[in-house]
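Student: Dropping a prediction and its sequence here:
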Amino acid sequence: MKSTSLIIASLMLSTAAIAQDTPPEPATPATPPAATDTAPAPSAAPAEVPASPAPSELPSTTADNSAAPVLSDEQAAALKNKVVWSSDQKNIGEVAEVVRDNSGRVTELHADIGGFLGFGETRVRISPGEFKIVNDRVELTRTEEQAENLPEVTDN
C-alpha cells in the first residue's frame, strides 16, 4: 500500500510539473468593428462664423506704417517685452514701453537695445514710422547699426 501511495503521489507531482511547463495559449486579438461605407450626407454648407481675435493678439501693420497702429490696453500690455528685430533680422532688444494717445494710437515705442543680460542697455525712442508689427513681433525698418543711433529716452 505504501508503494501504491508513492506511485500515486509521484504521478500527481509529475502531472503538476507538466502542467506548469506548458506555455499558455496566445490570446486571440480583438477584431475591430467593421467600418461602414455609409457616411452621413453633408447638409447645407455651415455658416462661417468669424473668429474673434484673442485680446493679446497684436494687429499687423504695413511696411510703410504711415498710420500708427491703434492698440487696446491688452494689446499694448502684450507688446511689452516682445523682442525687437532689426531689418537685417537681428534680435537687438525688447519693447520696454508703449506710449499711446487718448484714442489708443501709438505715438512711440520705447525699447531697451544693446547690452548683455540687462547690463549696458540703452532705452531708445522708436516712432511709428520706424517699426511694424508682423506676426506678433516688432520689426524695425532700420538695421542693427542704424538702430544704435535712435534717440535715447531721457527722464523728465
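Tutor: In hand now; what should we look at?

Student: where are the low-confidence patches of the chain?
Tutor: Within the chain, the ranges that satisfy pLDDT under 70 run 1-67, 117-118, 156.

Student: now do 80
Tutor: Within the chain, the stretches with pLDDT under 80 are 1-67, 115-120, 135-136, 155-156.

Student: those strands in it, which residues are they?
Tutor: Counting by DSSP state E, the chain has strands at residues 83-85, 91-100, 106-113, 122-126, 131-134, 137-140.

Student: who wins for proximity to Pro151 among these?
Tutor: Judged by Cβ to Cβ, the one of the strands of the chain that comes nearest to Pro151 is strand 122-126, at 4.9 Å. Heads up, the C-betas are built off the backbone N, CA and C, glycines and all.

Student: Just want the angle from that closest one to strand 91-100.
Tutor: When axes from the mean of the first three to the mean of the last three Cα atoms, to 10 degrees is applied, the directions of strand 122-126 and strand 91-100 differ by 60 degrees.

Student: ok, residues contacting strand 122-126?
Tutor: 84, 96, 108-115, 140, 147-148, 150-153 (Cβ atoms under 8 Å, 6 or more residues apart in numbering).

Student: mind running it again at 10 Å?
Tutor: Contacting residues not belonging to strand 122-126 are listed as 84, 92-93, 95-97, 99, 106-115, 130, 138, 140-142, 147-155 [Cβ atoms under 10 Å, 6 or more residues apart in numbering].

Student: returning to what we had before: now the strands of the chain in CSV, please, with extra columns for mean neighbour count.
Tutor: What follows is the strands of the chain, written out as CSV (neighbours: other Cβ atoms under 10 Å):
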stretch, mean neighbour count
strand 83-85, 18
strand 91-100, 18
strand 106-113, 20
strand 122-126, 19
strand 131-134, 20
strand 137-140, 20
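
Student: Need the ones you listed in TSV (columns: distance to Pro69).
Tutor: What follows is these, written out as TSV (distance: least, Cβ to Cβ, whole Å):
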stretch	distance to Pro69
strand 83-85	15
strand 91-100	9
strand 106-113	5
strand 122-126	13
strand 131-134	6
strand 137-140	11
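
Student: Only alpha carbons, please: show stretch 115-123 as CSV.
Tutor: Extracted C-alpha coordinates of stretch 115-123, given in CSV (Å, rounded to 0.1, in the frame of the first residue of the first chain):
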residue,chain,number,x,y,z
GLY,A,115,23.8,95.4,-23.6
PHE,A,116,24.1,91.9,-22.2
LEU,A,117,21.8,90.3,-19.7
GLY,A,118,20.2,93.6,-18.8
PHE,A,119,23.5,95.5,-18.3
GLY,A,120,24.5,98.3,-20.6
GLU,A,121,21.2,98.6,-22.4
THR,A,122,20.1,101.9,-23.9
ARG,A,123,16.5,102.9,-23.9
